[in-house]
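Prediction below, plus the sequence it came from.
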Amino acid sequence: MPPEIVYTPESLLKRPHLLAHLMWRDLLASRELAWRLMVRDINAQYRQAFFGIIWAFLPPIVMAAGFTLAKDANVITVSETDIPYPAYVMFSTALWQTFVEALNGPIQAVTIAKPMLARVNFPREALILAKLGEVGFNFGVKLILIVALFLWFQVPVSWMVILTPVALIHLILLGTLLGILLAPLGVLYQDVSKGLTMLTGFWLFITPVVYPIPKEGIFGLLVRLNPVTPLLVTTRELATTGVISDAGSFWLVSALTLLGVIFTWVMFRLAMPYVIERVSS
Amino acid sequence: MAVGITQQTVPTSSQQDDAVIVVDQVSKKFCRDLRRSLFYGIQDIAADLSGWRRKSESLRQDEFWALQNVSFRLHRGEALGLVGTNGAGKSTLLRIISGLIKPDTGSVRIRGRLAPLIALGAGFNPILTGRENIYANMSILGVSTQEIKKRFDQVVEFAEIWEAIDAPVQTYSSGMAARLGFACAIYTEPEILLIDEVLAVGDARFKAKCYRRLYELRKKGTSFILVNHNPQAILNTCDSAIYLSQGKLVASSDAETIISQYEEDLFLSGAERYPCKLDLPPKPPEESLGLDVTSLFFRGTQSEILESLRSGQALSFCVVCQARQAFSGITLHLSISKIGGEDSVGTILYLSGDNDNIFFDMPAGSHEIQLQLPYLGLEPGAYTMKIKLKKDSIYSFDVVESFRFTVTADGKMSKCRFYQPRSWQLVSSPLQS
């Protein structure tokens, strides 16, 4: 006899052991499906674009070109950066883009999969994992640009570069965690995706992507309070100078991120049936 | 499996019979107002996350019960039909059973791998090829890559799209896409199959193939719940059926009984039921033309007066009349039209003694004219009949403008516009050697 599955109106939070067991089981069960979905999405994404992977390179290049021109014309003044300025902007933009992709991923995935979610009961974790994989894949493509860039500008690299993936994963997880938190709401209300577009615009402004961390002023405080700052800056530092300027903030934000991922995952699981109930068919 | 819906893995208890689905007092409420509905959704999420008991058993403003206290069981290898009009709660019930949404009261217990044939082609991406979509779609339905590889050929064979398997799905005709979706779903090889009106896709030949495949699965012991507007399909496939009406389970019995009840309600929806008898008050002498109709009714084969009529029944239509003096050459005309429905197109049956060359001679007194009908040919529905008593087809003695009666279904009248009396036999001739 197969095991019995019971559906009742009660909240699963009252049975934390069962909840943890189910989460673990679904995570394992969703690996294969996540891979399939990722392959499907990446295939579809590149098949319908004439320029293909060039789209992964263009935004950092355009951004770097624009800011370098502005800096050379003294329209903006930026204090000295550790590495040549165009490389600095391009590398940072690639990191920032990866963060934004991770942030938007869960909301996009859940919104697009709405008809599927409303009809088939598959492990919902697969959607998130597939998006994570896609973010990773896209970063891999950008890595080609970054390597070329480092060679071109002869950016010195320390042995610490092998630790870069750790910081990068934390950066991606922070984006994903916020995305998962917003995903159920985003399915119900379109305000979420609209607000997010606006928010990321402002967020880029207070993140040290086109400038190094400012030391003083309200703006400096804002930049330093921004949780993306320590993760993005540490990733950049590990890949280039190897000197970490603010290890304390990095570990604080990383710890909060890892805890937050577990918390938002539980929330996501509990919320999805209610969301599906409201949008379906 | 399900996310976020309370599920528990319970050890098998010996008292449990071979039920694969036990639905116990399940209710579900929905909200008609979208804005409020979304807000309630947020409220429910907040209540669930805080671990507080949400008041799921009472209605909030603008809410209604889409399902109310529904209970039934599905046994291993059984096929259960689920009938009801649009909005009766059939799909909601299936979605609760498949664990997509939480019940508001009651519980659902499932034993065995369940596949919904609700979502044909879920996750199909039009840009990708049929081959790629088979892999994605079957993964979503919970089949491992290894298993998909094994069944791939069968799926393509069943969908009959060999030549188009490497073309993008957006180049497929709608029939091809539907066939592919159905093939993917049916080759997930589940133990319990929920089928929600999906067999309406494809041409007749493909439909027949689908039913054959369902039949094969049933022989292998798969249990079914079949939702269908087509009663014939349920009669062919299911042993038992349940009938949902406005969220409530109104009947649960063998398929034939349920279907005939459903058809009856369907044909007579909106129309009131008419008693099949009419007594007319005696006319004052100054209004009478000498021959008056006093009563109209039907008699069965034992001359008993019928209270309800069924399609195909043997009966007599009786007109009782009172003659104040002797008359000759009396004949009867009657025309029947259907009440309500989209097909109220005037007279559908006109019978006259005149055409049949039947004329009666009546001495003074009471008489009963009996029109014998070996089979009642009318389809189920409500009817009105106009009756004229005439002399020599010119002179009308009495007219009854409207005698209303109701015909009910015999359970075999789906898709029929009239009752066809019939008998069957097999004539065989031995092979010439």
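Nice, I can see it.

So B:Asp265 sits against B:Ser245, correct?
Yes. At 7.5 Å, B:Asp265 counts as touching B:Ser245 under the criterion of CB atoms under 8 Å. Heads up, the C-betas are built off the backbone N, CA and C, glycines and all.

Compare these two (neighbour count), which wins?
Shown here are B:Asp265 and B:Ser245; by other CB atoms under 10 Å in any protein chain shown, B:Asp265 has more neighbours (19 against 16).

Find the helix or strand that that one is a member of.
B:Asp265 is part of helix B:255-267, with elements assigned from DSSP states H and E.

Quick one: name the residues of the stretch 151-281 of chain A near chain B.
Residues of the stretch 151-281 of chain A lying close to chain B by CB under 8 Å from any CB of the partner chain are A:184-185, A:188-189, A:267-278, A:280-281.

Would you list the buried entries among those residues?
A:184-185, A:188-189, A:267-278, A:280 (16 or more other CB atoms under 10 Å in any protein chain shown).

Distance check, the residue of the stretch 51-200 of chain A found nearest chain B against B:Val227.
As assessed by CB to the nearest CB, chain B sits closest to A:Arg119 within the stretch 51-200 of chain A, at 3.2 Å. Noted for A:Arg119: a distance of 14 Å to B:Val227, by CB to CB, to the nearest Å.

centre of the chain versus the helix or strand harbouring A:Pro60, how much separation?
For A:Pro60, the element it lies in under DSSP H and E is helix A:54-72. Distance of helix A:54-72 from its chain centroid, counting by CA atoms, centre = their mean, to the nearest Å, is 21 Å.

need the helices for the chain, in chain order.
Picked chain A for this. Along chain A, counting by DSSP state H, helices occupy A:16-47, A:54-72, A:85-112, A:114-117, A:125-152, A:164-188, A:191-205, A:217-225, A:228-239, A:247-279.

wait, I meant chain B there
Under DSSP H, chain B gives helices at B:34-50, B:90-97, B:130-140, B:145-159, B:174-186, B:204-219, B:231-237, B:255-267.

in the shortest one, what's buried?
Right, the one you point to is helix B:231-237. B:Pro231, B:Ala233, B:Ile234, B:Leu235, B:Thr237.

Could you pull up the contacting residues of the third one?
B:Ile234 is in contact with B:Gly81, B:Val83, B:Leu226, B:Asn228, B:Ala241, B:Ala255, B:Ile259, counting by CB atoms under 8 Å, 6 or more residues apart in numbering or on different chains.

go on, the last one?
By CB under 8 Å, 6+ apart, the contact set of B:Thr237 is B:Ala79, B:Gly81, B:Tyr211, B:Leu214, B:Tyr215, B:Arg218, B:Phe224, B:Leu226.

Where does the prediction get shaky in the stretch 1-150 of chain B?
B:1-17, B:53-54, B:118-119, B:121-123 (pLDDT under 70).

Tell me which stretches of it form strands.
Residue ranges of the strands in the stretch 1-150 of chain B, as given by DSSP state E, counting those that start in this stretch, are B:19-31, B:63-75, B:79-83, B:105-111, B:114-117.

So which elements touch the shortest one?
It stands for strand B:114-117. Judged by 3 or more CB pairs under 8 Å, 6 or more residues apart in numbering or on different chains; DSSP states H and E, strand B:114-117 is in contact with helix B:174-186, strand B:192-196.

Now render those as TSV, adding mean neighbour count and distance to B:Ala115.
Shown next, in TSV, are the helices and strands packed on strand B:114-117 (neighbours: other CB atoms under 10 Å in any protein chain shown; distance: least, CB to CB, whole Å):
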stretch	mean neighbour count	distance to B:Ala115
helix B:174-186	22	7
strand B:192-196	23	6
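
okay, now B:Asp361: neighbour count?
Neighbour count of B:Asp361, defined by other CB under 10 Å: 9.

Just give the nearest non-adjacent residue to it, would you?
Ranked by CB to CB, 6 or more residues apart in numbering or on different chains and with sequence neighbours excluded, the top spatial neighbour of B:Asp361 is B:Ser328, at 4.4 Å.

Using CSV, lay out the contacts of B:Ile234 together with neighbour count and distance to A:Glu32.
Conversion of the contacts of B:Ile234 to CSV gives the following (neighbours: other CB atoms under 10 Å in any protein chain shown; distance: CB to CB, whole Å):
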residue, neighbour count, distance to A:Glu32
B:Gly81, 26, 35
B:Val83, 28, 38
B:Leu226, 25, 30
B:Asn228, 20, 33
B:Ala241, 25, 38
B:Ala255, 23, 39
B:Ile259, 26, 42
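
what's the most distant pair in those residues?
B:Leu226 and B:Ile259 (12.0 Å; CB to CB).

hey, what's in contact with both of those two?
Contact criterion CB under 8 Å, 6+ apart; residues shared by B:Leu226 and B:Ile259: B:Gly81, B:Ile234.

Spatially, which two of the buried residues of helix B:231-237 are the most separated?
B:Pro231 and B:Thr237 (11.0 Å).

before we move on, the earlier item: mind putting the buried residues of helix B:231-237 in JSON lines, pLDDT included?
Output for the buried residues of helix B:231-237, formatted as JSON lines (pLDDT from 0 to 100):
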{"residue": "B:Pro231", "pLDDT": "74"}
{"residue": "B:Ala233", "pLDDT": "76"}
{"residue": "B:Ile234", "pLDDT": "81"}
{"residue": "B:Leu235", "pLDDT": "79"}
{"residue": "B:Thr237", "pLDDT": "80"}
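
Which of these sits closest to B:Glu160?
B:Ala233 (21.6 Å).

what separates that closest one from chain A, distance-wise?
21 Å (CB to the nearest CB, to the nearest Å).

ok, that residue touching B:Leu226?
Yes. Between B:Ala233 and B:Leu226 there is a contact under CB under 8 Å: 7.1 Å.

if we can go back for a sec, out of the helices of chain A, which gets nearest to B:Cys318?
helix A:247-279 (57.3 Å).

And stretch A:47-60, what's buried?
A:Ala56, A:Phe57, A:Pro60.

Any idea how far apart the tips of that stretch sit?
Distance across stretch A:47-60, first residue to last, is 22 Å (CA to CA, to the nearest Å).

can you list the residues of the stretch 301-433 of chain B near chain A?
Counting by CB under 8 Å from any CB, no residue of the stretch 301-433 of chain B sits close to chain A.

burial of the closest residue to chain A within the stretch 301-433 of chain B, as a residue count?
Nearest to chain A, among the residues of the stretch 301-433 of chain B, is B:Ser414, at 26.2 Å (CB to the nearest CB). Applying other CB under 10 Å, we find 21 residues neighbouring B:Ser414.

same check, this time on B:Lys283
B:Lys283 is flanked by 14 other residues according to other CB under 10 Å.

Who are the contact partners of the residue nearest to it when sequence neighbours are not counted?
Excluding its sequence neighbours, the residue lying closest to B:Lys283 (CB to CB, 6+ apart) is B:Asp292, at 5.2 Å. Contacts for B:Asp292 (CB under 8 Å, 6+ apart) come out as B:Leu280, B:Pro282, B:Lys283, B:Cys321, B:Gln322, B:Phe397, B:Asp398.

can the residues you listed go into a markdown table with extra columns for pLDDT?
Converted to a markdown table, those look like this (pLDDT from 0 to 100):
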| residue | pLDDT |
| --- | --- |
| B:Leu280 | 85 |
| B:Pro282 | 82 |
| B:Lys283 | 81 |
| B:Cys321 | 91 |
| B:Gln322 | 90 |
| B:Phe397 | 86 |
| B:Asp398 | 87 |
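
which of those residues sit farthest apart?
The distance between the two most remote of the contacts of B:Asp292 (CB to CB) is 14.4 Å, for B:Pro282 and B:Phe397.

Counting neighbours, go ahead and name the busier of those two.
Higher neighbour count among B:Pro282 and B:Phe397: B:Phe397, with 18 against 9, using other CB under 10 Å.
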